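# Sharing a model prediction with you, sequence too.
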Amino acid sequence: MAHQALDVLDLKLLQALELDGRAPFSHIAQVLGVSDQTVARRFRRLRGTARLRVTGMIDDSRLGRTSWIVRLGCAHDTAAQLAAALARRPDTHYVDLAAGGTEVVCAIKPHSRQDRDELLLERLQRTPHVTSVSAHCILRAYYGNSLRWLRKISALGPEEESALRAPASAPPAAPVVLDAAEQTMLQVLRRDGRAPLTELQAATGLSETVVKRRLERLRATGVLYLAVEYDHEPLGQGVEALCWLTVAPHALARAGQEVARHPEVRFAAAVTGRTNLVVSALCRTTDDLYGFLTEKIGAIGDVQTAETVLTLRRVKALTTDPAPAAPAIG
């Protein structure tokens, strides 16, 4: 089925939601010079044509937790089953099939060291048909988390961006500790980042004033950020790839910051492992990916090796429910 092309207003709405996923439609409409009804109608249409979702995400680094990217080599006929099993886990955020269907790549955010060790050292190591396990701890994100790819599409003018951008969060001096009510709020917002205050009240039993104050705290500390999920094809981005780079240690920060500026890059981070810089790129075609690798990655000094892996299929995204019947891991 052909995807409906997005027009200028669609792109402006997507970028507006990226800047503030909970911005009232009335405010977006005022800034864009259209009616409230037009914005609401476009939002509903994009939910159908581009599977648009706004979801509340947790920046685990603000809670003192680490995040990992895990690469699993496996037999071709078992990769889909393994990916489905990983998708069932609550601590996996993205699960992709890659490398011709012989590799599964997933982002995991364990809540504790025990959870991390249980998955990485026990379950995955004894999973049948897994031929290799490569775990990379994210040390420093140069682009990603609350900074996402839609900020780079330049649909909004500078004045529109300024009017729609949510206040920047300030890193807390110490890891944030969540209470039960805040954890409940985050669960609701994970399903719908635009959930109204009344829904948060009903879930927590707190008053509107308290819920609003808790929500503001979660956003101000950066624990909560709003992510816009959508199909990339309507925006013309049909090729997704992960680039695993080995960079000389003295040049790592400079290389990460340099690559993060490119419009193709939606995630870039320093990681542990044999390759120390991982880059997620979105391109229109394989020719564009070739140009990105040769002209942009190639222009970064001190890159010693580069491995590129195409993403074939996303099995789990932020807003997708995992398959209900997948075999257990381990």
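Received it, and whenever you're ready, just let me know what you need.

# for the stretch 201-330 of the chain, which spans come out with low pLDDT?
234, 318-330 (pLDDT under 70).

# residue ranges for the helices of the stretch 201-330 of the chain, please.
For the stretch 201-330 of the chain, applying DSSP state H, counting those that start in this stretch gives helices covering 208-220, 252-260, 286-291.

# likewise the stretch 1-150 of the chain?
With DSSP H, counting those that start in this stretch as the definition, the stretch 1-150 of the chain shows helices at residue ranges 8-19, 25-32, 36-49, 79-87, 113-117.

# which of these has the lowest average pLDDT?
Comparing mean pLDDT across these, the weakest is helix 113-117, with a mean of 82.

# Give the buried residues for that one.
Across helix 113-117, burial judged by 16 or more other CB atoms under 10 Å covers 115-116. Placement of C-beta: from N, CA and C, glycine included.

# ok now do the spatially most distant residue from the centre of the chain, which residues does it touch?
Residue farthest from the centre of the chain, counting by CA atoms, centre = their mean, is residue 207 at 31.4 Å. Counting by CB atoms under 8 Å, 6 or more residues apart in numbering, residue 207 touches residue 201.

# Can you check which of the helices of the stretch 1-150 of the chain gets nearest to residue 61?
Across these, residue 61 has its closest neighbour in helix 113-117 (14.8 Å, CB to CB).

# which residues sit against the closest one?
Applying CB under 8 Å, 6+ apart, the set of residues contacting helix 113-117 is 66, 68, 91, 110.

# show me what contacts the closest residue to residue 149 other than its chain neighbours?
Nearest residue to residue 149 in three dimensions, chain neighbours excluded: residue 266, at 3.7 Å (CB to CB, 6 or more residues apart in numbering). Residue 266 sits next to 143-144, 148-149, 280-282 when contact means CB under 8 Å, 6+ apart.

# Let's see that with 10 Å instead.
By CB atoms under 10 Å, 6 or more residues apart in numbering, the contact set of residue 266 is 143-144, 147-152, 232, 237, 240, 260, 279-282.

# ok, now residue 312?
79, 96-101, 103, 240.

# now, which of those sits nearest residue 290?
Closest to residue 290, out of all of the contacts of residue 312 and judged by CB to CB, is residue 240, at 14.6 Å.

# count of neighbours near the closest residue to the closest one other than its chain neighbours?
Excluding its sequence neighbours, the residue lying closest to residue 240 (CB to CB, 6+ apart) is residue 311, at 4.0 Å. Residues lying near residue 311 (other CB atoms under 10 Å) number 19.

# my read: residue 311 touches residue 106, true?
No. Using CB atoms under 10 Å, residue 311 and residue 106 do not qualify as a contacting pair, with a distance of 11.7 Å.

# what's the overlap in contacts for the two?
By CB under 10 Å, 6+ apart, the residues touching both residue 311 and residue 106 are 94, 96.

# mind checking how far the residue nearest to residue 240 is from residue 160?
32 Å (CB to CB, to the nearest Å).

# Please apply the same query to residue 233.
In terms of CB to CB, residue 233 sits 25 Å off from residue 160.

# roughly how far apart are residue 251 and residue 274?
17 Å.

# Apologies, that question was intended for residue 6.
Relative to residue 274, and taking CB to CB, residue 6 is found at 39 Å.

# Between these two, tell me which one has more neighbours.
residue 6 (21 against 11).

# The more buried one is in contact with residue 14, isn't it?
Yes. Shown here, residue 6 and residue 14 form a contact pair, counting by CB under 10 Å, at 7.6 Å.

# Compare the helices of the stretch 1-150 of the chain and report which one is nearest to residue 201.
Across the helices of the stretch 1-150 of the chain, closest to residue 201 is helix 25-32 (CB to CB), at 20.9 Å.

# can you pull the contacts of the spatially most central residue of the chain?
For the chain, residue 145 is the residue whose C-alpha lies nearest the centre (CA atoms, centre = their mean; 6.1 Å). Taking CB under 10 Å, 6+ apart, we find residue 145 in contact with 57-62, 67, 138, 222, 225, 227, 267, 269.

# One more: residue 73?
Going by CB under 10 Å, 6+ apart, residue 73 touches 79, 99, 102-104, 129-134.

# Now do it against residue 195, distance only.
39 Å.

# Give me the number of neighbouring residues for the closest residue to residue 282 other than its chain neighbours.
In space, residue 282 comes closest to residue 237 once its chain neighbours are excluded; the distance is 4.2 Å by CB to CB, 6+ apart. For residue 237, the tally of surrounding residues (other CB under 10 Å) stands at 19.

# Residue 237 contacts residue 149, doesn't it?
Yes. If you go by CB under 10 Å, residue 237 and residue 149 touch, sitting 8.4 Å apart.

# what's the overlap in contacts for those two?
With CB under 10 Å, 6+ apart, residue 237 and residue 149 have common neighbours 264, 266, 281-282.

# Dump those to a markdown table, plus distance to residue 170.
Shown next, in a markdown table, are these (distance: CB to CB, whole Å):
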| residue | distance to residue 170 |
| --- | --- |
| 264 | 30 |
| 266 | 24 |
| 281 | 30 |
| 282 | 29 |
